[in-house]
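S.K.: Just the structure for this:
(one chain, ligands or ions: 1)
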Amino acid sequence: MGTEPAVIPRTTTELLLLTHTDRRLHLVPVHALRSVVLFAAGGDVPGRTTVACTALPSGQVVHVNRDEIRPYLLPDDAVSAVLTQFAVTGLRPAVGPMPTGDLHAPPMFGNLADPTWLSLSLGGQCDSACVFCFTEWIRHEPRLTHDQAVRALDEAASIATVEGVVFSGGEPTLRKDLPDLVRYASTKGFASIGLQTNGHRTADPRYLNGLVESGVTHVLLSLHGARQETHDGIARRRNSFALALRALATLATDDRVVTEVNFVVCAQNADETEDFLDLIRHVAPKAAVRYSLPIVEGAAHDNAESTLPSLRTFVDRVSAAVMRAADSPRVSVANAPPCISSAVGLPPTYTLSLRRSMLGVSPFVSSAILRGEVAAKLQVCVGCHFTDNCDGLQLPYLRRFPQAHRHVAEARVR
Ligand SMILES: C[S@@+](CC[C@H](N)C(=O)[O-])C[C@H]1O[C@@H](n2cnc3c(N)ncnc32)[C@H](O)[C@@H]1O
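M.R.: Next up, the predicted model:
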């Protein structure tokens, strides 16, 4: 097999279909199909031999005959070129619950039935501007009102399975009512109350202590480099590194809080993935480290060319860090398909079953802003141990990296 991806010309007579059940891409000549049925509420869904697909890039749901599309499975080495030719972005609208007519209802998504935790994004406003921030596109959207946030906490607390809440954003510490909301959450009996922060405001020990006294039990601190220039360049904010380190040093002395530091691996900081551990050991020996693969939406989507790490880079760097860490600090990965977690020697954290445990509340749902996470599987994924518990790879990754299938193959044999 050559290294050049196959080029398949786009024509108006071809459909690019993503099957819903096995999430495979097919490039199908329309003349090969006897029928293409657009899904319509109340309309007939044809018989057992049909399969539901998303037609890309329109996102329209169609039903086609399974046997008729089978010969047109897209080869792995053609995926990137075809996604580019069809201008597939991999974005889709956020899907909320059925509208209730209640304008003050919190904008919810995710698992409304038996979630185990609430992710509460208070708004997109932030005093950093990270080059890969997945919430960049809600930066100027209306934030949640105080009442919406309170109602979200009430609703989550009324679901017996919910154990914890995480306050996020944007930057949640920009909200004056954050300490009140944390206090309110602690009256609702959540076992854990988390805060995701860039550390700017929490660099002030009095402010941080106030939040902890109000009930914060867990902090996820963003720190995206081992060196000031790297982190401040990524956050696009001077002095961000110094402030975050100050917050980390305070957290290191506070036994009431479980601290984790999030390092989103990107092209700008990949070289510092291992050295980062030395910094954390030095400043906060008990803090855990999370290495995140970027979710490709918002700024990560806008800056995909300059920012996304390849899967090979992610696996090489993070597995070296895992080896260097040995038992300390504790290291995990986030947002990476389970085969990638296994390749770096860590348990999977981004399985469908784990993702299903989240109830989300976010301005994304009440705005028209698109989200990412439309994913597809490759031929190389066939037979994978995790197949029923994995969505595949985000389409913008597959578009950005024509060799993604080789990187997955390497990951699977490690
Ligand atoms: C959107 S931020 C909001 C909280 C806060 N402003 C901060 O900087 O930590 C929430 C978490 O997502 C991480 N993050 C940002 N963009 C990401 C992306 N594209 N993929 C994965 N994680 C991302 C951040 O590092 C942070 O830990």
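
S.K.: what's the pLDDT at the closest residue to Cys53 other than its chain neighbours?
M.R.: Nearest residue to Cys53, sequence neighbours excluded (C-beta to C-beta, 6 or more residues apart in numbering): Leu17, at 4.0 Å. In short, each C-beta sits where N, CA and C put it, glycine included. Here the pLDDT value assigned to Leu17 is 97.

S.K.: isn't Leu17 right up against His26?
M.R.: Yes: applying C-beta atoms under 8 Å as the test, Leu17 and His26 come out as touching, 4.7 Å apart.

S.K.: Tell me which of those two has more neighbours.
M.R.: Ranked by neighbour count (other C-beta atoms under 10 Å), Leu17 and His26 place Leu17 first, with 24 against 20.

S.K.: From Leu370, how far off is that one?
M.R.: 20 Å (C-beta to C-beta, to the nearest Å).

S.K.: One more: Ala160?
M.R.: In terms of C-beta to C-beta, Ala160 sits 33 Å off from Leu370.

S.K.: now swap in Ala235 and tell me
M.R.: In terms of C-beta to C-beta, Ala235 sits 24 Å off from Leu370.

S.K.: Pick out whichever of the two has more residues nearby.
M.R.: Shown here are Ala235 and Leu370; by other C-beta under 10 Å, Ala235 has more neighbours (27 against 17).

S.K.: Now do the phi/psi pair for that one.
M.R.: Ala235 adopts backbone torsions of phi -70, psi -10, taken as degrees, to the nearest 10.

S.K.: now do Leu103
M.R.: The phi/psi pair for Leu103 (degrees, to the nearest 10) is phi -70, psi -20.

S.K.: Enumerate the residues of the stretch 301-414 of the chain near the ligand.
M.R.: Contact residues, the stretch 301-414 of the chain versus the ligand (C-beta under 6 Å from any ligand atom): Asn335.

S.K.: can you give me the helices in the stretch 301-414 of the chain?
M.R.: Along the stretch 301-414 of the chain, the segments classed as helices by DSSP state H, counting those that start in this stretch run 304-307, 311-325, 338-343, 352-355, 363-366, 395-400, 404-413.

S.K.: cool, the stretch 51-200 of the chain as well?
M.R.: Going by DSSP H, counting those that start in this stretch, the stretch 51-200 of the chain shows helices at 66-69, 79-85, 146-157, 178-187.

S.K.: What are the buried residues along the second one?
M.R.: Looking back up the chat, that one is helix 79-85. For helix 79-85, the buried set under the neighbour-count rule, 16 or more other C-beta atoms under 10 Å, comprises Val79, Ser80, Ala81, Val82, Leu83, Gln85.

S.K.: The ligand: which of the residues you listed is nearest?
M.R.: Leu83 (19.1 Å; C-beta to the nearest ligand atom).

S.K.: List the residues that contact the closest one.
M.R.: Leu56, Gly90, Leu395, Leu398, Arg399 (C-beta atoms under 8 Å, 6 or more residues apart in numbering).

S.K.: count of residues packed around the residue of the stretch 301-414 of the chain found nearest the ligand?
M.R.: The ligand sits closest to Asn335 of the stretch 301-414 of the chain, with a gap of 5.2 Å, by C-beta to the nearest ligand atom. For Asn335, the neighbour count with other C-beta under 10 Å is 21.

S.K.: List the contacts of the residue lying closest to it once chain neighbours are set aside.
M.R.: Leaving out its chain neighbours, the residue that sits closest to Asn335 by C-beta to C-beta, 6+ apart is Leu293, at 4.6 Å. Shown in contact with Leu293 (C-beta under 8 Å, 6+ apart): Val264, Val265, Pro309, Leu311, Phe314, Val333, Ala334, Asn335, Ala336, Ile340.

S.K.: Could you show which parts of the chain are in contact with the ligand?
M.R.: So far as C-beta under 6 Å from any ligand atom goes, the chain lies against the ligand at 126, 128, 130, 132-135, 168-171, 196-198, 220, 222, 262, 264, 292, 294-295, 300, 335.

S.K.: any idea how far the residue nearest to Cys53 is from Cys390?
M.R.: From Leu17 to Cys390 the distance is 20 Å (C-beta to C-beta).

S.K.: ok, and the helix or strand in the protein with the lowest average confidence?
M.R.: When the helices and strands of the chain are compared on mean pLDDT, DSSP states H and E, strand 37-38 comes out lowest with a mean of 77.

S.K.: Partner strands of that strand, with direction?
M.R.: strand 60-65 (antiparallel) (DSSP bridges).

S.K.: Could you chop the protein up by domain?
M.R.: 14-92+375-413, 102-370 (automatic domain parsing).

S.K.: ranking these by mean pLDDT, which is last?
M.R.: domain 14-92+375-413 - the lowest mean pLDDT of the domains of the chain, at a mean of 90.

S.K.: Tell me how many other residues surround Arg356.
M.R.: 14.

S.K.: Which residue, other than its chain neighbours, is closest to it?
M.R.: In space, Arg356 is closest to Asn111, 5.4 Å off (C-beta to C-beta, 6+ apart).

S.K.: who touches that neighbour in this structure?
M.R.: Contacts of Asn111 (C-beta under 8 Å, 6+ apart): Arg356, Ser357, Met358, Leu359.

S.K.: go on, Thr217?
M.R.: So Thr217 contacts Ser192, Ile193, Gly194, Arg256, Val257, Val258 (C-beta under 8 Å, 6+ apart).

S.K.: I'd assumed Leu25 was in a strand, is it?
M.R.: Yes: the assignment for Leu25 is a strand, going by DSSP: H, G, I helix; E, B strand; the rest coil.

S.K.: my read: it touches Cys53, true?
M.R.: No: assessed by C-beta under 8 Å, Leu25 is found out of contact with Cys53, at 9.5 Å.

S.K.: list residues touching both of these two?
M.R.: Leu17, Leu18.
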